[in-house]
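Asker: Could you work out the structure for the sequence below:
(one chain, ligands or ions: 2)
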Amino acid sequence: MNRACAWLAAAALSALPFAAQAASPGTPGPDPHSYANFDAVRVRHLELALDVDFRQRRLIGRVDLQIERLRADATELILDTSGLAIERVERRGRALRFTLADGDALLGRALRIELPKAQRGAGAASGAAPETVRILYRTSPDARGLQWLEPRQTADRQQPFLFSQSQSIYARTWIPLQDSPAVRATYRAQLRVPAGLRAVMSADNTQPATEGGRLWHFEMPQPIPSYLMAIAVGRIDAREIGPRTTVFAEPSVLQAAAREFAETPAMIDACEAMYGPYRWGRYDLLILPPSFPYGGMENPRLSFITPTVLAGDRSLVSLIAHELAHSWSGNLVTNASWRDFWMNEGFTTYLERDIVEKLYGAKRREMESVLGLQSLRDDLQRVPARFQVLAPEMRGADPEDNTTQIPYEKGRLFLDWLASQFGRETVQDFLRGWFDAHAFQSVTTEQFRAWLSSNLLARKPGAVTEAQVAEWLFQPGLPSYAVLPRTAIFERVDAQRAEWLAGRVAAAALLANDWSVQERLHFLDGFAAPPSLAPMAELDAVFGLTATRNAEIAHSWLLLAIRADYAPSWPRLEEYLQTIGRRKLVRPLYAELMKTAQGRERAQRIYALARPGYHPILVASLDPIVRPAAR
Ligand code: BES
Ligand code: ZN
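Answerer: Ligands and ions are numbered 1, 2, ... in the order given. Below is the predicted model:
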């Protein structure tokens with residue numbers, strides 16, 4: 001607790017300012033997942049100057065926060081921190097008193113900074129010079145929002161690598177700030193990194209490095225929410241693949257990535273044609289090492305992408321469409337709190353499918369929509385009712401608890417249903433109008449509802465009722481009148497599966513169907529009960545499933561292999577779990593293993609080996625599954 005007694009001005013010494021006693025965690029501000037008092041004082045701009053210290057696994061340096069007092073009488077700035085050591089806080093070179101409250105396991109520690117009374121005339125309307133608060137700090141080696149990789153955990157095994165993952169509430173583990181999506185700020189940064197490494201951020205990445213290549217400069221001129229603050233440092237090369245797109249990746253991955261994602265420029269054009277101009281300048285991609293815990297993360301100007309979508313045949317690129325679509329739904333128009341998360345992910349999933357249809361046709365859209373519906377159905381079986389609603393009460397809950405298929409696929413089905421009532425074109429224009437009118441704003445579910453009523457429902461009175469809208473937003477499950485996607489393509493796959501299970505066709509005949517990756521996934525995911533060992537071996541031999549390098553197909557196959565107790569896949573399972581850290585692919589495999597005594601043993605043995613290489617976010621979600629006793 002004494003660590004919290006860092007502090008203060010010489011001028012204040014006489015007042016014995018051990019006021020810097022840690023206080024109880026305190027209560028959240030206007031956002032239940034943040035202590036920030038952004039209704040009184042708002043951060044408008046950040047200037048970061050950080051050393052990236054791989055030896056200590058710390059970021060060390062400072063942030064200057066430009067603040068605006070919304071309330072003239074405000075004399076306190078409250079920020080979010082988690083695991084940060086705060087060395088000093090100052091304003092115009094003079095120390096400011098501050099306290100670091102007790103820690104809350106979910107929200108971290110409020111950093112309360114005493115501000116002098118505002119000068120008369122200060123505040124929003126006065127046009128006075130902005131006030132700046134400087135914070136000197138360092139991060140903790142186990143910051144939840146950062147992963148520090150050893151060279152052997154990278155593709156090239158030559159240099160260490162660092163990357164951030166700020167969504168949902170982890171920006172506070174590497175920057176003291178107002179960590180709420182309701183607050184938007186611009187930023188500039190300078191990063192000092194070891195020689196031979198490149199730094200990139202969710203910002204303008206075109207400025208050449210200085211100081212012998214060690215000092216990197218960034219600027220993000222558009223205001224963004226804190227969960228989009230992002231950094232990565234490593235042995236990273238760049239290749240241009242379009243007029244506004246560069247792929248960044250480790251040298252050994254770069255060529256494959258540039259090929260896989262060659263259609264990104266066409267995706268940008270397609271989305272612009274439907275939803276209005278791309279407003280962020282460049283759209284670049286960064287391919288991360290395999291421990292990246294998500295498929296992708298829509299960091300503005302620079303999406304972070306898992307290498308597990310490098311299938312070699314562009315079959316998994318809808319992920320790029322998804323992260324790109326966030327440039328409209330999410331980054332441009334942002335959920336105001338984590339309760340409104342469905343507006344980020346549901347809208348984005350809808351836009352993603354529109355892009356996929358434009359590039360790859362209606363059949364591909366149908367198939368991906370049905371796969372999405374299937375995973376939604378699985379989640380509706382397992383997720384408690386309070387998280388089956390689009391806008392759940394999130395007070396006291398971890399935003400992680402709502403990262404299910406509900407905000408994604410139920411949110412998308414809501415828009416699909418509106419499209420079925422008003423027409424796809426009309427809904428497209430309506431959404432475009434929504435993005436235009438709320439660009440660079442953070443918005444609530446209630447704001448959207450009001451906008452929906454006056455700008456869409458009013459066009460065709462009676463087609464959709466307010467009660468139906470409320471049912472989508474606030475009732476669990478799916479409305480009985482939801483319009484669900486289906487595809488004859490998968491119906492044929494189902495029929496073939498049944499024929500094969502009945503012994504009426506051989507696996508070789510299935511192979512002759514020349515199924516797409518989506519059909520293969522549907523085939524593998526659709527077994528009510530796992531086949532026995534001989535048919536498993538037949539499938540494996542014919543389709544090369546244990547050996548596949550397609551990470552999604554491998555995932556579906558390994559899940560089936562665990563259920564079927566199919567031993568020839570064990571070495572591949574071990575390798576998979578030790579090289580991939582994408583939560584969506586890894587967690588279900590552990591959960592399936594944990595269902596039997598033998599599987600549990602296998603899971604725990606593999607986990608002991610793999611855990612040191614996993615991202616802290618993945619570890620946090622696997623520990624309760626694989627090590628229930630250790631908690
Ligand atoms: N923004 C999300 C990732 C995310 C959500 C991170 C919540 C932390 C908390 C990203 O856009 C996303 O949805 N990624 C998906 C891929 C997508 C194709 C469904 C993923 O990582 O699986
Ligand atoms: Zn998303």
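Asker: Can you tell me the closest non-neighbouring residue to Q421?
Answerer: Of all residues not flanking Q421 in the chain, A463 sits nearest, at 4.8 Å (CB to CB, 6 or more residues apart in numbering). In this view, the C-beta of every residue, glycine as well, is placed from N, C-alpha and C.
Asker: so how far is E601 from that neighbour?
Answerer: According to CB to CB, to the nearest Å, A463 and E601 sit 57 Å apart.
Asker: Could you do S168 as well?
Answerer: Applying CB to CB to S168 and E601 gives a distance of 34 Å.
Asker: And the two? Which one has more around it.
Answerer: S168 (19 against 11; other CB atoms under 10 Å).
Asker: In the stretch 1-150 of the chain, where is pLDDT below threshold?
Answerer: For the stretch 1-150 of the chain, the stretches with pLDDT under 70 are 1-23, 120-129.
Asker: how about a cut-off of 80?
Answerer: By pLDDT under 80, the weakly predicted segments of the stretch 1-150 of the chain are 1-23, 119-129.
Asker: So which residues of it form strands?
Answerer: Taking DSSP state E, counting those that start in this stretch as the test, the strands found in the stretch 1-150 of the chain are 41-53, 58-69, 76-81, 85-91, 94-95, 98-100, 109-114, 131-138, 146-149.
Asker: Distance to L478 and mean neighbour count for those strands - can I get that in CSV?
Answerer: Formatted as CSV, the strands of the stretch 1-150 of the chain follow (distance: least, CB to CB, whole Å; neighbours: other CB atoms under 10 Å):
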stretch, distance to L478, mean neighbour count
strand 41-53, 39, 20
strand 58-69, 44, 20
strand 76-81, 36, 25
strand 85-91, 47, 18
strand 94-95, 57, 14
strand 98-100, 45, 25
strand 109-114, 39, 23
strand 131-138, 46, 20
strand 146-149, 36, 22
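Asker: do the helix or strand that contains L373 and ligand 2 meet at all?
Answerer: According to DSSP states H and E, L373 maps onto helix 362-382. No: Helix 362-382 does not reach ligand 2 (CB under 5 Å from the ion); its nearest approach is 12.4 Å.
Asker: who touches that helix?
Answerer: For helix 362-382, the surrounding residues in contact (CB atoms under 8 Å, 6 or more residues apart in numbering) are 318, 349, 353-354, 356-357, 388, 404-406, 408-410, 412-413, 416, 477-478, 484-487, 489-490, 516, 518-519, 521-522, 525.
Asker: From start to finish, how long is stretch 289-306 in a straight line?
Answerer: Distance between the two ends of stretch 289-306: 7 Å, counting by CA to CA, to the nearest Å.
Asker: Next secondary structure after the helix or strand where D429 lies?
Answerer: Using DSSP H and E, D429 sits within helix 424-437. Per DSSP H and E, the first helix or strand lying C-terminal to helix 424-437 is strand 441-443.
Asker: Could you pull up the mean pLDDT of that following strand?
Answerer: The average pLDDT within strand 441-443 is 98.
Asker: tell me what it is packed against?
Answerer: Packing partners of strand 441-443 (3 or more CB pairs under 8 Å, 6 or more residues apart in numbering; DSSP states H and E): strand 333-335.
Asker: looking at the strands of the stretch 1-150 of the chain, which is closest to R188?
Answerer: strand 41-53 (5.1 Å; CB to CB).
Asker: Could you list the residues in contact with the closest one?
Answerer: 59-71, 74, 76-79, 115, 130, 162, 175, 177-178, 183, 185-194, 197, 199, 223, 233.
Asker: What count of nearby residues applies to V626?
Answerer: V626: 21 neighbours (other CB under 10 Å).
Asker: before we move on, the earlier item: show me the one of the strands of the stretch 1-150 of the chain that comes nearest M274.
Answerer: strand 41-53 (32.0 Å).
Asker: Can you tell me the closest non-neighbouring residue to A547?
Answerer: Once chain neighbours are set aside, the closest to A547 by CB to CB, 6+ apart is R572, at 7.5 Å.
Asker: for that neighbour, helix, strand, or coil?
Answerer: Using DSSP: H, G, I helix; E, B strand; the rest coil, the structure places R572 in helix.
Asker: who are the neighbours in contact with it?
Answerer: Listed by CB under 8 Å, 6+ apart, the contact set of R572 reads 546-547, 554, 558.
Asker: could you redo the last one with a cut-off of 10 Å?
Answerer: Applying CB atoms under 10 Å, 6 or more residues apart in numbering to R572 gives the contacts 545-548, 554, 557-558, 561.
Asker: same check, this time on W148
Answerer: So W148 contacts 52-54, 56-58, 141-142, 160-163, 233, 616 (CB under 10 Å, 6+ apart).
Asker: Can you tell me which of these are buried?
Answerer: Neighbour-count burial (16 or more other CB atoms under 10 Å) is assigned, among the contacts of W148, to 52-54, 57-58, 160-163, 233, 616.
Asker: Which of those fall within helices?
Answerer: Using DSSP state H, the subset of these located in helices is P616.
Asker: What residue, apart from its backbone neighbours, is nearest the residue sitting nearest the centre point of the chain spatially?
Answerer: Residue closest to the average C-alpha location in the chain (CA atoms, centre = their mean): M297, at 4.3 Å. Spatially, and ignoring its direct neighbours in sequence, M297 is nearest to F304 (4.2 Å; CB to CB, 6+ apart).
Asker: gap between the one you found and A74?
Answerer: 36 Å.
Asker: Between the two, which has more neighbouring residues?
Answerer: F304 (24 against 20).
Asker: now the more buried one, which residues is it bridged with?
Answerer: L286, M297 (DSSP bridges).
Asker: pretty sure it contacts I236?
Answerer: No: if you go by CB atoms under 10 Å, F304 and I236 don't touch, sitting 11.9 Å apart.
Asker: Which neighbours do these two have in common?
Answerer: Joint contacts of F304 and I236 (CB under 10 Å, 6+ apart) are 200, 248, 286-288.
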